[in-house]
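1. Take a look and give me a structure for this.
(one chain, ligands or ions: 3)
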Amino acid sequence: MKNIYIETYGCQMNFADSEIVASLLQKEGYTVVSDIAEADYVLINTCAIRDNAEQRIRKRLRELRAMQQRHPQLRIGILGCMAERLQSQLMVEEENVSFVVGPDAYRRLPDILARVREQGVKAAETELSITETYSDIEPVRLGSNGISAYISIMRGCQNYCAYCVVPYTRGRERSRDPETIVSEAQSLFNQGYKEVTLLGQNVNSYRWKTDNSEVGFAGLMARVAEISPLLRVRFATSHPKDLSDRLLEVMAHYDNICKCIHLPVQSGSDRMLKLMNRHYDSAWYLDRIAAIRRYMPDCSITTDVIAGFCTETEEEHQMTLDMFRRVRYDYAYMFKFSMRPNTYAEKHLHDDVPDEVKTRRLEEIIALQGQIALENNRREVGKVYEVLVEGESHRSKERLFGRNSQNKVIVFDRHEVLPGQYVKVKVVDCTAATLLGELCTQ
Ligand code: SAH
Ligand code: SF4
Ligand code: F3S
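-> Residues are numbered from 1 along each chain as shown. Ligands and ions are numbered 1, 2, ... in the order given. Predicted coordinates for the structure are as follows:
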């Protein structure tokens, strides 16, 4: 009765957390299985960022009911942000859930699983912590390609953007001891990994202070980059308010720090940004974009945006489209505003943009971004990039895919190349999402 199956939804941090959960449970004799039919426990690591993320989980729980009827011993637990947001209420609403565990309580999991099994009770542990970073836990890499891995370097967020549940589901911001981060990266490199992504909700606010030293995000990046020129370093997500020139300088200095910055803009309107409590305006944001281009003319820039936030006017929506035209993002995650319980927006603002207007605005942003991405990609044709090969192309066994430093996917004929290698590829064609290349003979 010790097989666990973990299903993960939401952001990269949730995926990183699932690897910590796997590690904590393996130490107690549990086995992570990849076939749900073999599971004694199904752990669902959930996201609460938008209403549709939660609806998806509820739908999944309904699907799992049939499976529980066939295997009455099966226990289902909810982890992550939805667990934290709804706590034990979730077990009342969803009868087939036996336990609920929030993001800072994963060390309690072995205990909870045993209690649920032996005493036949339900259990909820959702206390948030101001210190927990799981820094001593070596994650078990789940579904890994053995080439790239995530490293959580901080947890929580206290920016309280008006629309966002994360400060309530993840608790206070706290950074992890840099020594443990560097040694985790070194150990991954020793195992053959070629790329690490440092993760946090506001990764660039990273700060570790002791009596006689202080390490900021730029310093930490430099230390990880120093491990080896053959280890690529990425990071996500940066908050525009904290994007320092010092970080850009460090990025420009190290070839192995990937030239790609994810800088969520959320809106192009200053009134919206203020209402969202983002702590920057469009001028500040554009100044940071100019700084990125000054230090690294070849850096790709990606973003997140919300369409139809409370009271957004047509003119303000146009400002977002203008922002997209000015920055010319390589990629964007684009969302319709979804009102979340207990946020500032829910308590003080009106979700007054009709759903069909939100949808139309979102579609306009998507259409514009598709056009910009294609135009950006067309400019790549003829350039030669170093590509870290990740695996076989989904469409053809004869082709491989990898990414360049800018995080763009490039597909090319495999020849003798193996995943995990660095190769030079010349871009010969493109779509809005992918570059097509030819291997260069070195
Ligand atoms: N920490 C990151 C992103 C966290 S969530 C940051 O500060 O940028 C990822 C994205 O989801 C956000 O950037 C935002 O664009 C979107 N998002 C968050 N809350 C949302 C909501 N209530 N409705 C729609 N989109 C939302
Ligand atoms: Fe949410 Fe804002 Fe924190 Fe990002 S910075 S996680 S959007 S509150
Ligand atoms: Fe979702 Fe939680 Fe991440 S709400 S986006 S899983 S921090």
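2. check contacts around Ser205.
-> Neighbouring residues of Ser205 by CB atoms under 8 Å, 6 or more residues apart in numbering: 154, 173, 217, 239, 242. Placement of C-beta: from N, CA and C, glycine included.
3. How about Leu400?
-> Leu400 sits next to 389-393, 411-414, 417, 419 when contact means CB under 8 Å, 6+ apart.
4. Give me the subset of those that lies in helices.
-> Assigned to helices by DSSP state H, none of those qualify.
5. just those now: which is nearest ligand 1?
-> Glu390 (23.8 Å; CB to the nearest ligand atom).
6. I'd like to know how many residues surround the closest one.
-> By other CB atoms under 10 Å, the residues close to Glu390 number 19.
7. One more: His348?
-> When neighbours are defined as other CB under 10 Å, His348 has 10 of them.
8. Any chance of the contacts of Ser205 in TSV with distance to Ala124, neighbour count and pLDDT as columns?
-> Output for these, formatted as TSV (distance: CB to CB, whole Å; neighbours: other CB atoms under 10 Å; pLDDT from 0 to 100):
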residue	distance to Ala124	neighbour count	pLDDT
Met154	26	25	97
Glu173	24	19	96
Phe217	35	27	97
His239	31	20	97
Asp242	34	19	93
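9. Show me which of the residues you listed is closest to ligand 2.
-> Of all the contacts of Ser205, ligand 2 sits closest to His239, with 5.5 Å by CB to the nearest ligand atom.
10. Point out the residues in the protein that sit beside ligand 3.
-> 10-11, 13-14, 47-49, 80-81, 165-166, 169-170 (CB under 6 Å from any ligand atom).
11. which among those residues are in contact with ligand 2?
-> Val166.
12. Closest one of the residues of the chain next to ligand 3 to ligand 1?
-> Nearest to ligand 1 among these, counting by CB to the nearest ligand atom, is Ile49 at 5.0 Å.
13. ok, now which ones touch the closest one?
-> 10-11, 81, 164-166, 338, 340.
14. ranking the residues you listed by neighbours, who comes first?
-> Cys81 (28 neighbours).
15. Tell me the secondary structure at that one.
-> Here Cys81 is helix, with the state taken from DSSP: H, G, I helix; E, B strand; the rest coil.
16. pretty sure it contacts Arg170?
-> Yes. Judged on CB atoms under 8 Å, Cys81 makes contact with Arg170 at a distance of 7.0 Å.
17. what's the burial count for Arg50?
-> 18.
18. So which bits of the top helix by length along the chain are buried?
-> Once the chain is assigned using DSSP H, the helix that runs over the most residues is helix 355-378. Within helix 355-378, the residues that qualify as buried are 357-358, 361-362, 364-365, 368-369, 372-373, 376-377, counting by 16 or more other CB atoms under 10 Å.
19. before we move on, the earlier item: okay, the contacts of Ile49 in JSON lines with secondary structure next?
-> Formatted as JSON lines, these follow (three-state DSSP):
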{"residue": "Gly10", "secondary structure": "coil"}
{"residue": "Cys11", "secondary structure": "coil"}
{"residue": "Cys81", "secondary structure": "helix"}
{"residue": "Cys164", "secondary structure": "coil"}
{"residue": "Val165", "secondary structure": "coil"}
{"residue": "Val166", "secondary structure": "helix"}
{"residue": "Ser338", "secondary structure": "coil"}
{"residue": "Arg340", "secondary structure": "coil"}
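20. Once you drop chain neighbours, what's closest to Tyr295?
-> The shortest distance from Tyr295 to any non-neighbouring residue, by CB to CB, 6 or more residues apart in numbering, is to Leu248 (4.0 Å).
21. Just give the nearest non-adjacent residue to the residue in the stretch 251-400 of the chain positioned nearest to ligand 2, would you?
-> Of all residues in the stretch 251-400 of the chain, Pro264 sits closest to ligand 2, at 6.9 Å by CB to the nearest ligand atom. Among residues not flanking Pro264 along the chain, Asp304 sits closest, at 3.7 Å (CB to CB, 6+ apart).
22. Model confidence score at the residue nearest to His394 when sequence neighbours are not counted, please.
-> Closest residue in space to His394, ignoring its immediate chain neighbours: Phe401 at 7.8 Å, by CB to CB, 6+ apart. Phe401 carries a pLDDT value of 97.
23. cool, and the one 5 residues further on?
-> pLDDT, the model's per-residue confidence, is 98 for Gln406.
24. check contacts around the residue nearest to His394.
-> Counted by CB under 8 Å, 6+ apart, Phe401 has contacts 389-394, 409-412, 434.
25. ok, and of those, which contact ligand 1?
-> Of the contacts of Phe401, not one also sits near ligand 1 (CB under 6 Å from any ligand atom).
26. ok, back up a step: show me which of the contacts of Ile49 neighbour ligand 1.
-> Answer for the contacts of Ile49 near ligand 1 (CB under 6 Å from any ligand atom): 164, 166, 338, 340.
27. Now the two most distant members of the residues you listed.
-> Largest separation among those by CB to CB: Val166 and Ser338, giving 13.4 Å.
28. what's the domain layout of this protein?
-> 3-125, 148-378, 384-439 (automatic domain parsing).
29. In JSON lines, list those domains along with distance to Arg141.
-> Output for the domains of the chain, formatted as JSON lines (distance: least, CB to CB, whole Å):
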{"stretch": "domain 3-125", "distance to Arg141": "6"}
{"stretch": "domain 148-378", "distance to Arg141": "6"}
{"stretch": "domain 384-439", "distance to Arg141": "14"}
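30. quick one: which of those is nearest Glu138?
-> Closest to Glu138 of those is domain 3-125 (CB to CB; 6.1 Å).
31. Distance check, the residue nearest to the spatial centre of the chain against Lys424.
-> What sits nearest the mean C-alpha location of the chain, by CA atoms, centre = their mean, is Gln12, with 3.0 Å. Distance from Gln12 to Lys424, counting by CB to CB, to the nearest Å: 28 Å.
32. List the residues that are in contact with both of Cys81 and Arg170.
-> Pro103.
33. Please list only the buried members of the contacts of Leu400.
-> 389-390, 393, 411-412, 414, 417, 419.
34. quick one: which of those is nearest to Glu316?
-> Glu316 lies nearest to Val411 out of the buried ones among the contacts of Leu400, by CB to CB, at 38.7 Å.
35. residues touching the closest one, list them.
-> Contacts of Val411 (CB under 8 Å, 6+ apart): 393, 395, 399-401, 434-437.
36. Flag every buried residue along stretch 141-156.
-> Buried residues in stretch 141-156, counting neighbours by 16+ other CB under 10 Å, are found at 141-142, 147-156.
37. Reformat those residues as TSV; add distance to Lys259.
-> Listed next are the buried residues of stretch 141-156 as TSV, based on distance: CB to CB, whole Å:
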residue	distance to Lys259
Arg141	25
Leu142	28
Ile147	19
Ser148	16
Ala149	20
Tyr150	19
Ile151	19
Ser152	23
Ile153	20
Met154	23
Arg155	27
Gly156	28
